[in-house]
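> Sequence and predicted structure, then a few things I'm wondering about:
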Amino acid sequence: MIARSTFSNGIVLCCRSDDDDSLLAVKCIDIDECPTSSLVLLQHEVALTRTISHENIHTYSSVWLSKSRLCMSSLFMDYGSCADIISSHFKHGLPEKIMALILYEILTALSYLRSVNLIHRGVRCSHILVSKNGEIKLSGHRNMIELSRDGIPVKKVHDFPKHDSSMLPWLSPEILQQDMQGYCTKSDIYSLGITACELANGYAPFTDMPSTQMLLEKLNGTIPFMLDETTVAPLIEDTSPSANADTEKFKSEMIEAAKSRKFSTAMHQLVTDCLERDPDMRMDADQLLKHPVFRQIKGLSKCQILQPVFEKMDPISKKASARVFQEQEEMMDELNRMSMCDVEWDFQE
């Protein structure tokens, strides 16, 4: 087992394929214990992802039932999610070139989803997966929705994802305000802007405030930003007491990290463009793919750009193998310590 699914009370296993010996991630969910609402979302996710195919979108290759367990296999992504990478070795954010690569790959995925009239509504670091080959894929499709009504394509939808409150900091103002204007695929671009700040700072904007305050900030057009030597001043000037010692320590470390780096003007502009309050003025994925910020990764291989990550982190498969080996060693030690004289045998019927 390599992970637990907090959404559906399932587990994720690392398995090896009998066909080509490749590694697979298999999510197993006990449908007898899974809430009906979660099962409906899983059914929706599986059905939609079976209709799409793109190199930057993570989908299930097989789905089957084993007794009461629903099992779903997919390509094994050796370095987990961007949230895993940040929390383990990049607590105050990733280098700009890595950010640029991740954002470009996810924009490519969003461009494809736009072409097939789908809104993802789940773009965030924990839903962006990285493989040892440098592949970057968008996952977490349970919130995905079609731009259609009764099978007829429409320009905007009005559905609100009530079941997933954890996504609120990443959702666009037009989704949150729930009015007659509705929203379109550009709402995913806003979420990408929040994700860019998360990649740069190590945490997502608005996650430290109550939902009501977050809603007001977004509706009033507050634009979050990446922290570096040019933007850190407000954080330094903020003398309000922190909730606890750990928060104060993180803030102090964040200030020092920001003072020691500088993001390019183009990267700052990309975030501003993504977080445009008015969706009609916000760029779409195809326009953003031509943004000047991506010139810095032109001609570079994905593995070359991701090398700082590969150098600091071990693949999940290596950790899993080490854990299995350790468990086997402990079992052998326990068996070696056992004495057959200590065992009581009873052959009576």
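Arrived safely, thanks for sending.

> drop to CA atoms for contacts and neighbour counts, all remaining ones
Noted.

> Tell me which helix or strand Asp18 sits in.
Here Asp18, judged by DSSP states H and E, is contained in no helix and no strand.

> What is the burial count for it?
Asp18 has 8 neighbouring residues, counting by other C-alpha atoms under 10 Å.

> tell me the phi and psi of it?
phi -70, psi -20 (degrees, to the nearest 10).

> Would you mind listing where this protein has pLDDT under the threshold?
The model of the chain has pLDDT under 70 over residues 1-3, 5-9, 239, 241-243, 319-349.

> quick one, helices of it?
For the chain, applying DSSP state H gives helices covering 36-49, 82-89, 96-115, 173-176, 186-201, 211-219, 233-237, 245-259, 265-274, 285-288, 302-305, 307-312, 316-337.

> Arrange the ones you listed in CSV, one row each, with distance to Asp20 and mean neighbour count as further columns.
Shown next, in CSV, are these (distance: least, C-alpha to C-alpha, whole Å; neighbours: other C-alpha atoms under 10 Å):
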stretch, distance to Asp20, mean neighbour count
helix 36-49, 23, 15
helix 82-89, 27, 18
helix 96-115, 27, 21
helix 173-176, 43, 22
helix 186-201, 35, 26
helix 211-219, 48, 15
helix 233-237, 52, 11
helix 245-259, 44, 15
helix 265-274, 41, 18
helix 285-288, 36, 18
helix 302-305, 23, 16
helix 307-312, 25, 14
helix 316-337, 17, 12
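
> Ok, which of those helices comes nearest Glu135?
Evaluated over the helices of the chain, closeness to Glu135 peaks at helix 302-305, with 7.5 Å, by C-alpha to C-alpha.

> For Pro95, see how far away Glu105 is.
According to C-alpha to C-alpha, to the nearest Å, Glu105 and Pro95 sit 16 Å apart.

> I should have written Met283 there, sorry.
24 Å.

> Contact partners for the residue lying closest to Leu129 once chain neighbours are set aside?
Distances taken as C-alpha to C-alpha, 6 or more residues apart in numbering place Ser81 nearest to Leu129, at 4.2 Å, with adjacent residues excluded. Applying C-alpha atoms under 8 Å, 6 or more residues apart in numbering to Ser81 gives the contacts Cys125, Ser126, His127, Ile128, Leu129, Val130.

> Of those, which belong to strands?
Ile128, Leu129, Val130 (DSSP state E).

> Contact partners for Asp179?
By C-alpha under 8 Å, 6+ apart, the contact list for Asp179 reads His158.

> Nearest residue to Asn56 in space, please, no chain neighbours.
Spatial nearest neighbour of Asn56, chain neighbours left out: Lys137 (4.3 Å); criterion: C-alpha to C-alpha, 6+ apart.

> what's the distance between that neighbour and Ile106?
With C-alpha to C-alpha as the criterion, Lys137 and Ile106 are 7 Å apart.
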